[in-house]
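Colleague: need the 3D shape of this:
(one chain, ligands or ions: 1)
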Amino acid sequence: MITTMFARTIHRRFSFHHSSISLSNSLRGNNSHSPTNLLRREMSMETERIVDRLKSSGLLQTKGLIGGKWTDAYDGKTIEVNNPASGDVIASVACMGERETKDAISSAYDAFSHWSKLTANDRSSRLRNWYNLLLQHKEELGQLITLEQGKPLKEAIGEVGYGASFIEFFAEEAKRIYGDIIPSTLSDRRLFVLKQPVGVVAAITPWNFPLAMIARKVGPALACGCTVVIKPSELTPLTALAAAELALQSGIPPGVLNVVMGDAIKIGTALTESPQVRKITFTGSTAVGKKLMAGAADTVKKVSLELGGNAPCIVFDDADLEVAIKGSLATKFRNSGQTCVCANRILVQEGIYEKFTKAFSDAVQNLKVGNGLSEGVSQGPLINEAAVKKVESFVEDAVSKGAKLLLGGKRHSLGMSFYEPTVIGDVKNEMLIAQQEVFGPVAPVLRFKTEEEAIQIANDTNAGLAAYIFTNSIKRSWRVSEALEYGIVGVNEGLVSTEVAPFGGFKQSGLGREGSKYGMDDYLEIKYICMGNMG
Ligand code: SIN
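Modeller: Numbering: from 1, shown residues only. Predicted coordinates:
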């Protein structure tokens, strides 16, 4: 099971809660007494039960957070947050815009003078409190992620562990922001390098990892002494708000962490235009990333971007078939194919092509699709109807150009935004599905002859985030890893994300690195101090 593999590989430290509900994905039908409608009613009751529990524990926040105060939109507007598995409205949240964003920036700006002057130990221990609280509430946060994002509960709880690990890691790194003493060229001078926080950071985060992408940005920002305005995705703001509530409880002072959500364009414009915001960090689409980069130019902000990928997953003839299947399955179907590092093109060498596609399709057939709260489900719904339409159009394009449908290829009978786990063979690199991120549970398989050809196809894209290779040759694994124009390479491994390693891409997949010791750099300015008359 892919969820279990993901959980075991990345989050060994965290145990998983199993939902007691068991809903069969074999239920079908359309009339009002049909099993599908019963299933929907059951799902709605389940949503209600979880929402009630979250409300009573204080984790269901629906207002923005400005200067430590939960705040409505100034014009009272709200937006609904839906459960993609059932269509249920989970909550209505404040729909904010320019004015609220400007106030959030001012709060962060005011809080900076105090927060940046706390000792590293003090900031570190507050971050550690936050880490502890996130873990204490991992089941509730996991349920919230599943409700608003759709991923299976085990994977959602895994995300809480993954997200919390960034807070823990950067709580530790806070104490290791070292400067330098540079040997001077003149005997009466002393030269020093200090590292100082950049100031107010705007963190714009995506819906596919509603907690982890916030933690990967806010962890290092706060550790360095920066303050933050977070803009979570309008599709999944509830997890961000719950995490912010826990941040307040952990002793992170009012104004250090602010959250505004609603009108993405108005909020984004206010953040990019403000001279008080000194850095923008964004995870999301390449198109939006380019706009933010252009918008940040006017005030010359630091920018770090984690944008789209088009990951090749190369399976050589000499690969261990079982390892290659397990790894490809894990990287393709994590979060139903909705991650930037998901394999987007599976390149298989001709000698192993038939065997691989058969065994891979068999494994994909066993993936259970359904509501993420149901036991055993490893494939939840896609985030919304637009996502399904995109997947449908990519599959149609490939099939119309000669690709062969080996499994799936249509919407799932569960309805909503569920899509069948799909395998397509004989894909060519010119097809839409190989040129752009499909961001869904569709595995396009391409055939290649030589190592050179595989490298050429793999690098034939503007993206350069993650790549995977499966081979038993040590020489080849080095050679190909070095030749791939990608920021992350998995060798005989499909799950590569961890808080201790640098995450980020080459080419149009982004700028900067997140996680690891390198993840601090983007939140720090380097100051050179030249002291004269020291002789
Ligand atoms: C992403 O999809 O942007 C993040 C995936 C990860 O952290 O592994």
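
Colleague: contacting residues for Cys342?
Modeller: 309, 311, 331-335, 437, 439 (Cβ atoms under 8 Å, 6 or more residues apart in numbering). Yep, even glycine has a C-beta here, placed from its N, CA and C like the rest.

Colleague: can we see that at 6 Å?
Modeller: Lys332 (Cβ atoms under 6 Å, 6 or more residues apart in numbering).

Colleague: what do you get for Thr299?
Modeller: Pro275.

Colleague: redo that, cut-off 8 Å
Modeller: Applying Cβ under 8 Å, 6+ apart to Thr299 gives the contacts 272-275, 277.

Colleague: what about the helix or strand where Lys154 lies, average pLDDT?
Modeller: Here Lys154, judged by DSSP states H and E, is contained in helix 153-173. Averaged over helix 153-173, pLDDT sits at 98.

Colleague: could you do stretch 301-309 as well?
Modeller: Computed over stretch 301-309, the mean pLDDT rounds to 98.

Colleague: end to end, how far does it reach?
Modeller: By Cα to Cα, to the nearest Å, the extent of stretch 301-309 from end to end equals 24 Å.

Colleague: what does it contact?
Modeller: By Cβ under 8 Å, 6+ apart, the list of residues contacting stretch 301-309 from outside reads 198, 213, 272, 277-286, 289, 292-293, 296, 340-342, 344, 436-437, 463-466, 503-505, 508-514, 522.

Colleague: quick one, which of those are buried?
Modeller: In the contacts of stretch 301-309, burial by neighbour count holds for 198, 213, 272, 277-284, 286, 289, 292-293, 296, 340-342, 344, 436-437, 463-466, 503-505, 508-514, 522, counting by 16 or more other Cβ atoms under 10 Å.

Colleague: restrict those residues to contacts with the ligand.
Modeller: 283, 340-341, 503 (Cβ under 6 Å from any ligand atom).

Colleague: give the contact list for the residue nearest to Ser107 when sequence neighbours are not counted.
Modeller: Once flanking residues are discounted, Ser107 sits nearest to Gly67: 3.6 Å by Cβ to Cβ, 6 or more residues apart in numbering. By Cβ under 8 Å, 6+ apart, the contact set of Gly67 is 103-104, 107, 110-111, 254-255, 258.

Colleague: now, those that are in helices?
Modeller: 103-104, 107, 110-111 (DSSP state H).

Colleague: which pair in those residues spans the largest distance?
Modeller: In the ones in helices among the contacts of Gly67, two members sit farther apart than any others by Cβ to Cβ. They are Asp103 and Ala111, at 12.5 Å.

Colleague: near the ligand, which residues of the chain show up?
Modeller: Contact residues, the chain versus the ligand (Cβ under 6 Å from any ligand atom): 208-209, 212, 283, 306, 339-341, 497, 503.

Colleague: now, which of the residues you listed lie within helices?
Modeller: Ala212.

Colleague: farthest pair in the residues of the chain next to the ligand?
Modeller: Distance extremes for those: the farthest pair is Asn208 and Phe503 at 13.9 Å, using Cβ to Cβ.

Colleague: who touches the residue positioned nearest the centre of the chain in this structure?
Modeller: The chain has Phe209 as the residue nearest its centroid, 4.0 Å off, counting by Cα atoms, centre = their mean. Counting by Cβ under 8 Å, 6+ apart, Phe209 touches 159, 162-163, 283, 335, 339.

Colleague: quick one, helices of the stretch 1-150 of the chain?
Modeller: With DSSP state H, counting those that start in this stretch, the ranges of helices along the stretch 1-150 of the chain come out as 2-10, 35-56, 98-115, 120-136, 138-149.

Colleague: do the same with the stretch 251-400 of the chain
Modeller: 264-273, 286-297, 321-333, 353-365, 385-400.

Colleague: in CSV: those, plus distance to Ala73 and mean pLDDT.
Modeller: Putting the helices of the stretch 251-400 of the chain into CSV (distance: least, Cβ to Cβ, whole Å; pLDDT from 0 to 100) gives the following:
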stretch, distance to Ala73, mean pLDDT
helix 264-273, 11, 98
helix 286-297, 22, 97
helix 321-333, 38, 98
helix 353-365, 44, 98
helix 385-400, 24, 98
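
Colleague: reformat these as a markdown table; add distance to Lys217.
Modeller: Formatted as a markdown table, the helices of the stretch 251-400 of the chain follow (distance: least, Cβ to Cβ, whole Å):
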| stretch | distance to Lys217 |
| --- | --- |
| helix 264-273 | 13 |
| helix 286-297 | 13 |
| helix 321-333 | 23 |
| helix 353-365 | 33 |
| helix 385-400 | 23 |
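
Colleague: so what's Asp318 up against?
Modeller: So Asp318 contacts 471-473, 476 (Cβ under 8 Å, 6+ apart).

Colleague: give me the phi and psi for the residue nearest to Val500 when sequence neighbours are not counted.
Modeller: Leaving aside its sequence neighbours, Val500 sits nearest to Ser516 (Cβ to Cβ, 6+ apart; 5.7 Å). Torsion angles at Ser516 (phi, psi; degrees, to the nearest 10) stand at phi 70, psi 180.
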